[in-house]
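1. the sequence and its predicted three-dimensional model are supplied below.
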Amino acid sequence: MSTINAQATELNETISAAYPQVLDMLSARGQSIFFPAKGILGQSAEAKGKEINATIGTALEDDGSPLCLSCVKELVDVDPAVGLLYAPSYGNPTLRDTWKSMMEKKNPSLVDKSFGRPVVTQALTHALSIAGYLFLDEGEEVIMPDLYWGNYNLIFKEHFRAGIRTFNTFQDGGFDMAALGEAVNAGDPGKKVLLLNFPNNPTGYTLTKAEVVTLRETLLKAAEAGNKLTVLIDDAYFGLVYEDGVYEESIFVDLFDLHENILAVKLDGPTKEDYVWGFRVGFITYAIKGGTQELYTALEAKTAGAIRGNISNAPAISQAILLKAFTHPEYDAQKREKYTTLKARCTKLTAILKAYPEYSEAFEALPFNSGYFMCVRLKGADPEAVRQVLLKDYSTGLIVASGLLRVAFSSTPIDKLEPLFSNLYQAICSLK
């Protein structure tokens, strides 16, 4: 085994001094990684502001401005020094602080509370991959509901050679919290990684307020039993909840100070929240009960080191545009308008299912109340066969996932929803 770099050892000692259980939560890679503060980046930082600075691997004009093509500069209204040069591996510092403030605004329970500073990733898929890098060794498992986003397989199983252990998602029209409790307590107490995603992809389900209370009790009991839980919170669709009684804050606020054996890792970003799918910007934020600034700084350094060794940094241009958008005077109003569009579609779906009780003979709608999607479980018909009939005979496309058919109402015009379900019903009937 190779010797751990002295900079990694220093970070590990900082983490161990504050929270030895957090060091145990890290993978071997996570313990070995560090941000190279004393390498090229550190030397470049020391030369900043000097009369002659020949350290940076970018190209500058003689006046010190970025050497860039006018045709590129004219396309986007951002300062080239911010949008065209490299962003730090940690991310644009102003964007990091802005996102943290926005987290507090969207989650009032976080106001005046201590938690880490977000580190910028290349969108949420990359954030998940970095989390796998830091917290999963080959052969270990990620615990998650059995209805989950298929890309988790590529990220965790194929890339990191970890297992995925699932538990039943729904019971009696709600989230199966008993199954979650059994999953996190299975086997001997020790290091365990749990992934929760609300609003859920593919089902479009978010916990109710009552279910969140049970979630806290369940994970607290597991932590008190000696389990060291790293909880990955995939908040890709955060904020898109459409029904009363549904929990509106991230479950991060219920876990970040719950127990010293629970490390909450919030993975989020503007992709779905702000409708910028191609920008590829995301965030990782850490929190644990009683967490110190030294602990968070060390974890953020390891995260930045993993990013540095993987993609170097997230796109500066996307970060620069987002900063301008977040401070735009119409930002909140425009975001509310788009949210209203999605909520209207979700409400329409509920009305359609209620207006056509005969649909229940052909399929069952799984619980949904948020996000981009909803799912149906077919009765007496094969999902793939129905999908093919819909394509061939009804000019309708759906996704087969986890033995279900997934409906993306996010991308379906509201006046197409009723014909969509009529087509689905007829397609199933035609195969019976």
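-> Happy to help now that I have it. Numbering: from 1, shown residues only.
2. just for the stretch 1-150 of the chain, where's the confidence low?
-> By pLDDT under 70, the low-scoring segments of the stretch 1-150 of the chain are 1-2.
3. remind me, longest helix of the chain?
-> helix 331-355 (DSSP state H).
4. same question for that one, mean pLDDT?
-> Mean pLDDT, helix 331-355: 97.
5. S360 looks like it's in a helix, true?
-> Yes - according to DSSP: H, G, I helix; E, B strand; the rest coil, S360 belongs to a helix.
6. tell me the pLDDT at it?
-> For S360, the predicted pLDDT is 96.
7. which residues are contacting the longest helix of the chain?
-> Contact with helix 331-355 is made by 204, 239-240, 242-243, 274-275, 325, 328, 359, 365, 368-370, 372, 374, 407, 409-410, 412, 414, 417-418, 421, as judged by CB atoms under 8 Å, 6 or more residues apart in numbering. Backbone N, C-alpha and C define where each C-beta goes, glycine included.
8. what about Q31, neighbour count?
-> 19 (other CB atoms under 10 Å).
9. my bad, V82
-> V82: 19 neighbours (other CB under 10 Å).
10. what mean pLDDT does stretch 190-204 get?
-> Average pLDDT, stretch 190-204: 97.
11. can you mark which positions in it are buried?
-> 191-204 (16 or more other CB atoms under 10 Å).
12. just the ones in strands from those, please.
-> K191, K192, V193, L194, L195, L196, N197 (DSSP state E).
13. what about the residue lying closest to the first one once chain neighbours are set aside, how many neighbours?
-> Distances taken as CB to CB, 6 or more residues apart in numbering place K228 nearest to K191, at 4.9 Å, with adjacent residues excluded. For K228, the neighbour count with other CB under 10 Å is 20.
14. any idea how far Y372 is from K228?
-> Per CB to CB, to the nearest Å, K228 is found 33 Å from Y372.
15. next: I52.
-> 52 Å.
16. neighbour count: those two, which is higher?
-> More crowded of I52 and Y372, by other CB under 10 Å: Y372, with 21 against 6.
17. quick one: Y286 is in a strand?
-> Yes - secondary structure of Y286 (three-state DSSP): part of a strand.
18. how about the contacts made by it?
-> Contacts of Y286 (CB under 8 Å, 6+ apart): F115, G116, L263, A264, V265, K266, Y296, L299, E300.
19. got the contact list for the first one?
-> Under the criterion of CB under 8 Å, 6+ apart, the contact partners of F115 comprise F256, T285, Y286, A287, G291, Y296.
20. out of these, which is nearest to L110?
-> Using CB to CB, F256 is the member of the contacts of F115 that lies nearest L110, at 7.6 Å.
21. was I right to think that closest one contacts A264?
-> Yes - in this structure F256 lies within contact range of A264 using CB atoms under 8 Å: 4.6 Å.
22. common neighbours of these two, please.
-> A287, I288.
23. rewinding a little: and the residue nearest to K191, how far from M177?
-> Distance from K228 to M177, by CB to CB: 21 Å.
24. just send the ones in strands among the buried residues of stretch 190-204 back as TSV, with distance to E224 too.
-> Output for these, formatted as TSV (distance: CB to CB, whole Å):
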residue	distance to E224
K191	16
K192	14
V193	18
L194	15
L195	21
L196	19
N197	25
